[in-house]
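In: Build me a model:
(2 chains)
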Amino acid sequence: MNIVKFREMFLTEAAEHLEVMSDILLQLDSDPEDQDGIDALFREAHSIKGMAATMEYAKTARLAHHLEDRLDDCRQLGRISAVGIDRLLEAVDLLELLLDDIRNERPERDVETFIATIAKEPIADVNSTTEEKRVDPVLAEEGFLVQLRLQDTVTTAGARFLILLNRLADFGTILETTPSTEALLQGEDPGQLLVRLDSDISQEEICQRLQEYSEIREITFPAAIAEEKSRKKESSGKMVRVSTELLDHLINLTGEMITNRYQMQSAVKEHNWQAVDDGVGQLARLVKNLHHQVLQVRMVSLESLAGRLSRTVHDLSRSSGKEISFKVEGTEIELDRVIVEELTDPFIHMVRNAVDHGIGQRGTVSIKAWREQDQVLVQVADNGRGIDPEKIRQQAQEKGLVSPAQAKSMRDYDLFQLICQPGFSTSAEVNEISGRGVGMDVVKTAVEKVGGLLLIDSVPGEGTRITLKIPLSLSIIRVLIVECAGTRMAMPITRVVQTVEVAPAEVQSSGKQLMIHYQDQLLPMLSLRKILKAPKGSHLNPIPVVITEVQGRKIGLVVDQLVGQREVFVQRLPAPFDQVRGCSGGTILGDGQIIFLLDLQTLFERR
Amino acid sequence: MSKRVMIVDDALFMRTMLRDIFESAGWQVVVEAETGAEAIEEYEIHHPDLVSMDIVMPEMSGIEALTKILSKHPAARIVVCSALSQKDLILNAINAGAKDFIVKPFQNAQVLEVVNRVVTG
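Out: Next comes the predicted model:
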């Protein structure tokens, strides 16, 4: 077998299966009796086992096989225990590490210890701790909270808390503890213990009785604080509706992160670097998951937007006397709520354009949304008369936007982009509907403001399609990192058409302007160093160039080095730095380096 | 009346040290045991107020001995002694019914605080 050839394929596919597994597991957390979910889990494990065995990755296959067996038990019983979900998530982590080993051509790590540990655990059975964890809402209201903190010198906090719990049990009934007794017995060493105690003994008395434990640093009764906090929360900030299911996910994830923290802390203490490494791997998964879930909070579906547009079409059809049908597809697609808010007016404008300029007496306007990787595409299409590229060519030339020679060589795609130039309009008549002033330039600016891209495509007599490529979220975006004059900076990947490397011999000049060939076109070559007023650099060969689009025109931006792509969390710059033109935010890389996000639009306006 | 304690440890050094600590605080060491089996036997004879039990011992572990004593005498007050690194063993011992634990290396005051609150609690 040609291992090398199949390894990549195996790794990609296995990783996908693992992702599905952890997704299902998280869903099962809220519905542990979901038969379809359990069945799907079993199949995923089965697939991994099969693939790994074929590839002769014995340990990966062994672990997957074990999981398959255990999941078969779950299928028989029709449910999975809470412990089971945790253990299976750990198993998924371990499988991820095994894939890492395979990817890096290391021998697969040991799985027997893990299998031996989980072999004893009830994956399928209804576990008593499941019931313990779910606090009866009525019980939760009873009793009062006692919070204990230990002296910093206490090294076995978990064990000490267990002893203290036994002592507290003498005072009354323990209704609930955080962390749970189970977690403490598992070796968790938390910084504090929160106990809900039902007791007739006064708080003073409890403090006094616990005085004999010099290990205790602090005893508090935080009920009042908690209530006060919740009251404060209500009055501040914008409200967001969040499903309880999502909230549960968030809480579970946070819980897992706490566990992860203790695991890592103890691993560091023991200088067990493998465990630290494992912990970091797990943390990566948790953070990714958490990020995903938190973003959900900001996400809204396009349903409300579609509703508004439907109303717009209805009204326009009334006022213009045209017969217009409206079709929508993909309204379940979700976008960051800020993006949806920003784009509502532009969408209304595009729909108006379609009705006003595109459609004759009758026609259809359709909105279609779909997802492609981390972008959402929304298309506004009409089956009207379309845009005549020749008309644009002529008008652009008349308005002096392009030279006659340029006009001749421009492709239809680029011609259509000219519609988005300020003040450009192909429709001589100005009517009540589209009005004056607000044109496609406003639409395009709004789309670019949220980091999106606008594409126009039209066939005369068939209609016009305007496609918006929009990032899923504003705060976390994919960027291209480049280096220029010793500084690294980033630009949103949505703004990058392509990156190319050009040999100096390929550079042509047209007057003072240097040009490069790109897909049968001559593009002006601009130096980022020059724009940033940095000193001239040494000659590069090949020259790294970022092809980008500014105000509807492609240009080649020369940088010193193309560093790579990455996902970053963009933060707005605080005043007065938010006034710096050409810079729309900043981000901090893993190594602590601060990187500024270039706003190409304003960067070129300055020129 | 002074409290009566049984010290269980396979190391003579540890037994002597613990004896010193207990006696200096007015306790009466009724018996010393070197093994788990011996501890079970001696408990039957002396019924001490407190047992200080080492966890790691040859043949029978302290946890096993503790479990056996508690199965016959659920009210037995047993405190386990263990090294810090044996966290899991301490947790197992607590789970098995140890009333408290002392982490080695220990200081006299610590030992006395633990054992005093166990016999009075």
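In: Could you say which helix or strand holds A:Glu549?
Out: strand A:543-550 (DSSP states H and E).
In: List the strands paired with that strand, with their directions.
Out: Strand pairing for strand A:543-550, determined by DSSP bridges: strand A:496-502 (antiparallel), strand A:553-558 (antiparallel).
In: Of all the residues in the stretch 401-550 of chain A, which one is nearest chain B?
Out: Nearest residue of the stretch 401-550 of chain A to chain B (C-beta to the nearest C-beta) works out as A:Ile476 at 39.2 Å. All C-beta spots, glycine's among them, are computed from the backbone N, C-alpha and C.
In: just to revisit the earlier point, gap between the strand holding A:Glu549 and the chain center?
Out: Centroid separation for strand A:543-550 versus its chain: 26 Å, with C-alpha atoms, centre = their mean, to the nearest Å.
In: residues of it that come out buried?
Out: A:Ile543, A:Pro544, A:Val545, A:Val546, A:Ile547, A:Thr548, A:Glu549, A:Val550 (16 or more other C-beta atoms under 10 Å in any protein chain shown).
In: Run through the bridge partners of the nearest residue to the third one once chain neighbours are set aside.
Out: Spatially, and ignoring its direct neighbours in sequence, A:Val545 is nearest to A:Gly556 (4.4 Å; C-beta to C-beta, 6 or more residues apart in numbering or on different chains). The partner list for A:Gly556 in beta bridges (DSSP bridges) reads A:Met525, A:Ile547.
In: What's the separation between A:Gly556 and chain B?
Out: 62 Å (C-beta to the nearest C-beta, to the nearest Å).
In: Check A:Ala396 too.
Out: Counting by C-beta to the nearest C-beta - A:Ala396 and chain B are separated by 76 Å.
In: for that residue, helix, strand, or coil?
Out: For A:Ala396, the secondary-structure state derived from DSSP: H, G, I helix; E, B strand; the rest coil is helix.
In: burial count for residue 9?
Out: Since no chain was named, I'll use chain A. A:Met9 has 11 neighbouring residues, counting by other C-beta atoms under 10 Å in any protein chain shown.
In: meant chain B, my bad for not saying
Out: Counted with other C-beta under 10 Å, B:Asp9 comes out at 24.
In: My guess is it contacts B:Met57. True?
Out: Yes - judged on C-beta atoms under 8 Å, B:Asp9 makes contact with B:Met57 at a distance of 7.4 Å.
In: For the residue nearest in space to the middle of chain B, what is the enclosing helix or strand?
Out: For chain B, the residue nearest the mean C-alpha position is B:Ser52 (1.3 Å; C-alpha atoms, centre = their mean). Counting by DSSP H and E, the element that carries B:Ser52 is strand B:50-54.
In: That strand - which strands sit beside it in the sheet, and in what orientation?
Out: strand B:4-8 (parallel), strand B:78-83 (parallel).
In: how about the residues of chain B that lie near chain A?
Out: Chain B has residues B:84, B:87-88, B:90-91, B:94-95, B:99-101, B:103, B:113, B:116-117, B:120-121 near chain A, with proximity defined as C-beta under 8 Å from any C-beta of the partner chain.
In: What is the most widely separated pair among the residues you listed?
Out: Pairwise distances across those (C-beta to C-beta) peak at 29.1 Å, for the pair B:Asp88 and B:Thr120.
In: same for the lengthiest helix in chain A, what does it pack against?
Out: The single longest helix within chain A, with elements called by DSSP state H, is helix A:3-30. Packing contacts for helix A:3-30, counted by 3 or more C-beta pairs under 8 Å, 6 or more residues apart in numbering or on different chains; DSSP states H and E, involve helix A:35-54, helix A:82-103, helix A:244-269, helix A:273-298.
In: List the buried residues in it.
Out: By neighbour count with 16+ other C-beta under 10 Å, helix A:3-30 contains the buried residues A:10-11, A:14, A:17-18, A:20-29.
In: now do stretch A:399-410
Out: Buried residues in stretch A:399-410 (16+ other C-beta under 10 Å): A:Leu401, A:Val402, A:Gln406, A:Ala407, A:Met410.
In: Tell me how chain A divides into domains.
Out: According to automatic domain parsing, chain A comprises the domains A:3-126, A:135-224, A:302-471, A:476-605.
In: Tell me which of the ones you listed sits nearest to A:Leu290.
Out: Per C-beta to C-beta, nearest to A:Leu290 of the domains of chain A: domain A:3-126, 11.2 Å.
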